[in-house]
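1. Next input, structure requested:
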Amino acid sequence: MTLPRTVPPIDAHTPDVLETATFALGCFWGPDARFGVVPGVVRTRVGYTGGSTPKPTYHDLGQHTEAIQIDYDPAAISYNDLLHIFWQAHNPIAQAYSRQYQNIIFTHDETQERQAVAMRDAVAAGINGTVRTQIRALDVFYRAEDYHQKFHLRHVPEVMGDFEQIYPDGPGFVDSTAAARANGFVSGYGRLSVLLEEIDEYGLSSRAADKLTEMARRFDH
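-> Coordinates of the predicted model:
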């Protein structure tokens, strides 16, 4: 029998104060990876929001949109920093081809709304076209099915196998900073230098760490 390994050091030292941002950026697999490697981001999770249908699922979305929630350390990264990443990650004048894949900033409070509006206006002033990206107050966020969480990492068995031993339950894996980082690196995001600095904090076996490093090195440029 394989015994669960201990919690990775990076997961054992969660900051005392966290804040949350919620964005919709098309299919949520990519944003989950993109934001997961950002220093200061502690947790990511994908889900559905923006509609009125209770308890949506991937095959029964109702009027909801795919979205990502990000728990971050405000002492390490600001909401404005995350907004910059959001705006760089999509074409704000493009028309979404379905409600499921819209580009939306879902604000959690008035402070986030003011910052989001200010940055939207700054973006609009610098482009030729109508900004179609929306800003809406968040209502209810429904976490998506487990198979959508850290989607790209789940398809790298050499690394995912370690996380299955560390976190045999779904919620622990989804909330893992180490898993968020690994998901980003296997997807081509993040800098190799950052991975090399912190990979010992991920709690991985040498085999998994080597595979993760190999993939990050392939994408690094």
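
2. In three-state terms, label I135 for me.
-> Three-state call for I135 (DSSP: H, G, I helix; E, B strand; the rest coil): strand.

3. Any figure for the gap between it and Y189?
-> Taken as CB to CB, to the nearest Å, the spacing of I135 relative to Y189 amounts to 25 Å. Glycine gets a C-beta too; all of them are placed from N, C-alpha and C.

4. neighbour-wise, which of those two wins?
-> Neighbours were counted for I135 and for Y189 using other CB atoms under 10 Å; Y189 has more, 19 against 15.

5. show me what contacts the more buried one?
-> Going by CB atoms under 8 Å, 6 or more residues apart in numbering, Y189 touches A33, R34, G36, V37, F219.

6. mind checking the SS state of it?
-> Taken by three-state DSSP, the conformation at Y189 corresponds to coil.

7. nearest spatial neighbour of it, skipping sequence neighbours?
-> Excluding its sequence neighbours, the residue lying closest to Y189 (CB to CB, 6 or more residues apart in numbering) is V37, at 4.9 Å.

8. residue closest to the middle of the chain?
-> For the chain, the residue lying nearest the average C-alpha position, counting by CA atoms, centre = their mean, turns out to be D32 (2.9 Å).

9. Off-centre distance for the top helix by length along the chain?
-> Among the segments of the chain that qualify as a helix by DSSP state H, the longest is helix 110-125. In terms of CA atoms, centre = their mean, to the nearest Å, the centre of helix 110-125 is set 21 Å apart from its chain centre.

10. could you say what helices and strands the helix or strand that contains R207 packs with?
-> Using DSSP states H and E, R207 falls within helix 206-219. Counting by 3 or more CB pairs under 8 Å, 6 or more residues apart in numbering; DSSP states H and E, the packing neighbours recorded for helix 206-219 are helix 157-166, helix 177-186, helix 192-198.

11. Show me what the shortest one is packed up against.
-> This means helix 192-198. Using 3+ CB pairs under 8 Å, 6+ apart, helix 192-198 is in contact with helix 177-186, helix 206-219.

12. Repeat the analysis, applying 7 Å as the threshold.
-> In terms of contacts (3 or more CB pairs under 7 Å, 6 or more residues apart in numbering; DSSP states H and E), helix 192-198 is packed against helix 206-219.

13. send the alpha carbons of the lowest-mean-pLDDT helix or strand in the chain over as CSV?
-> Of all the helices and strands that make up the chain, helix 170-174 has the lowest average by mean pLDDT, DSSP states H and E, namely a mean of 88. Coordinates of each C-alpha in helix 170-174 appear next as CSV, following Å, rounded to 0.1, in the frame of the first residue of the first chain:
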residue,chain,number,x,y,z
GLY,A,170,-10.3,16.4,-4.4
PRO,A,171,-10.5,19.6,-2.3
GLY,A,172,-7.0,19.3,-0.9
PHE,A,173,-5.6,19.0,-4.4
VAL,A,174,-7.6,21.9,-5.8
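
14. quick one: low-confidence parts of the protein?
-> Low-confidence segments of the chain, defined by pLDDT under 70, span residues 1-4, 221.

15. please redo it, this time with the cut-off set to 50
-> Within the chain, the stretches with pLDDT under 50 are 1-3.

16. Break it down into its domains, please.
-> What the record gives for the chain is the domain set 19-143, 150-219, from automatic domain parsing.
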